[in-house]
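> structure of the sequence below:
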Amino acid sequence: MVKKDQYNIAVAGATGAVGRKMLEILEERNFPVANLKALASARSVGQALPFNGNSLAVEELKENSFEGVDIALFSAGAGVSHQFAPSAVKSGCIVIDNSSAFRMEPDIPLVVPEVNPDAIGDEPGIIANPNCSTIQMVVVLKPIHDKYKIKRVVVSTYQSVSGSGQRAIEELQNQTKNLLAGKITEPNVYPHQIAFNCIPHIDNFLDSGYTKEEMKMVNETRKILGDPSIMISPTTVRVPVFYSHSESINVETFRPIHARGVRELLSGMDGICVTDNPESNEYPLAIDGAGKDEVFVGRIRDDISCENAVNFWVVSDNLRKGAALNAVQIAEYLIESR
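Modelled structure (predicted):
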């Protein structure tokens, strides 16, 4: 990609929750946009989306939509990415894909800019955006791995309904209203009622007993950190929260590790905000992480059951750092490194 003052950008899946957030973040961060295409399915054509004080008309996503486009941000699902991303690359643009379509392809970089920007290389075609729950975890694990070398990670996630899209947000809203009014409610998006409930089931179950979401965290973390030897045991849970994912993480390392050193280490890292004053009831909360760009870390403490291990709590906005922001940051790295 040639260095320019401004770039032609396309957002595929622009009418979805993440696509809208991509447009919002491009505007917030004053990304140097020359022309912007908002692309979606045929049924969304005619919708208008706000951008930089103007109204952006939604166009139908087609094979020839990417002529003259420099960077395309995809967030329309794996099927759409498989169908259209290769033709976008053939048109000469770089694709940053938020779906699971290409994440584990060996020749496609899986990137979190604070962690492994060098994986992008000199002439990328498709760059994969990791899973939301993986992103916030590896931002914290990277400096720990560099200093202490991680042996094992045990993680339990508490994932908000916005990770399932707008229909899930509306389902939580409606179920909550109905239950408080004494009305019967039936689940549609999830296999069980989500209001006032926790569901230990995200994505399909595999023969191993783990879910696809859980195995994404295992495989993506190893790829991003470049270390297939790290042992990871995840449990992913959907909770009745609208925005922000929370994670309880236990890390065991090969080198001696203590909470104080981890707290000092993380406090100096870009993209991380340490909020760890339990005596004042200060620790990361989902409601405080919503709408923010940082990955918040707290409850940092030594593991009393295991030598060379620590526990901590991580919170991040899944639509921002967990999806749209990370994609835009990749685009920023692309233009800054040229």
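> what about the strands in the stretch 101-250 of the chain?
126-128, 150-159, 231-238, 245-253 (DSSP state E, counting those that start in this stretch).
> the second one pairs with which strands?
Using DSSP bridges, the strands paired with strand 150-159 are strand 231-238 (parallel), strand 245-253 (antiparallel).
> model confidence over it, on average?
The average pLDDT within strand 150-159 is 98.
> could you do the last one as well?
For strand 245-253, mean pLDDT is 98.
> show me what counts as buried in that strand.
Across strand 245-253, burial judged by 16 or more other Cβ atoms under 10 Å covers 245, 246, 247, 249, 250, 251, 252, 253. Where C-beta positions appear, they are placed from N, C-alpha and C, glycine not excepted.
> the third one now?
Neighbour counts using 16+ other Cβ under 10 Å place 232, 234, 235, 236, 238 of strand 231-238 among the buried residues.
> which one of those residues sits closest to residue 163?
Relative to residue 163, the closest of the buried residues of strand 231-238 is residue 238; by Cβ to Cβ it sits at 7.8 Å.
> who's residue 311 bridged to?
Where residue 311 sits in a bridge, its partners, by DSSP bridges, are residue 250, residue 301.
> please renumber so the chain begins at 850
I'll keep to 850 as the first residue from here, and by that count the last item is residue 1160.
> I'd say it and residue 1101 touch.
No - the pair residue 1160 / residue 1101 is not scored as a contact, 10.4 Å apart, by Cβ atoms under 8 Å.
> need the overlap of contacts for those two.
Residues touching both residue 1160 and residue 1101 (Cβ atoms under 8 Å, 6 or more residues apart in numbering) are residue 1152.
> on that earlier part again, save the buried residues of strand 1080-1087 as TSV, and put in distance to residue 1004 too.
Below are those laid out as TSV (distance: Cβ to Cβ, whole Å):
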residue	distance to residue 1004
1081	7
1083	5
1084	7
1085	9
1087	15
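> buried sites along stretch 1069-1082?
Of all the residues in stretch 1069-1082, those buried under the rule 16+ other Cβ under 10 Å are 1069, 1070, 1071, 1072, 1073, 1074, 1079, 1081.
> and which of the residues you listed is nearest residue 1167?
Ranked by distance to residue 1167 (Cβ to Cβ), these are led by residue 1069 at 14.8 Å.
> find the residue closest to that closest one in space, skipping its chain neighbours.
Take residue 1069 and drop its neighbours on the chain: the residue closest to it by Cβ to Cβ, 6 or more residues apart in numbering is residue 983, 4.4 Å away.
> that neighbour and residue 1067, how far apart?
Distance of residue 983 to residue 1067, computed by Cβ to Cβ, to the nearest Å: 9 Å.
> compare these two (neighbour count), which wins?
Neighbours were counted for residue 983 and for residue 1067 using other Cβ atoms under 10 Å; residue 983 has more, 27 against 18.
> ok, that one - contacts?
Residue 983 sits next to 1065, 1066, 1069, 1070, 1073 when contact means Cβ under 8 Å, 6+ apart.
> give me the distance between it and residue 1059.
Remark: distance between residue 983 and residue 1059 (Cβ to Cβ) = 14 Å.
> residue 1145 too?
Per Cβ to Cβ, residue 1145 is found 27 Å from residue 1059.
> who has more neighbours out of the two?
Set residue 1145 next to residue 1059 and count neighbours by other Cβ under 10 Å: residue 1145 wins out with 26 against 17.
> any chance of the strands paired with strand 999-1008 in JSON lines, plus distance to residue 1044?
Formatted as JSON lines, these follow (distance: least, Cβ to Cβ, whole Å):
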{"stretch": "strand 1080-1087", "distance to residue 1044": "12"}
{"stretch": "strand 1094-1102", "distance to residue 1044": "18"}
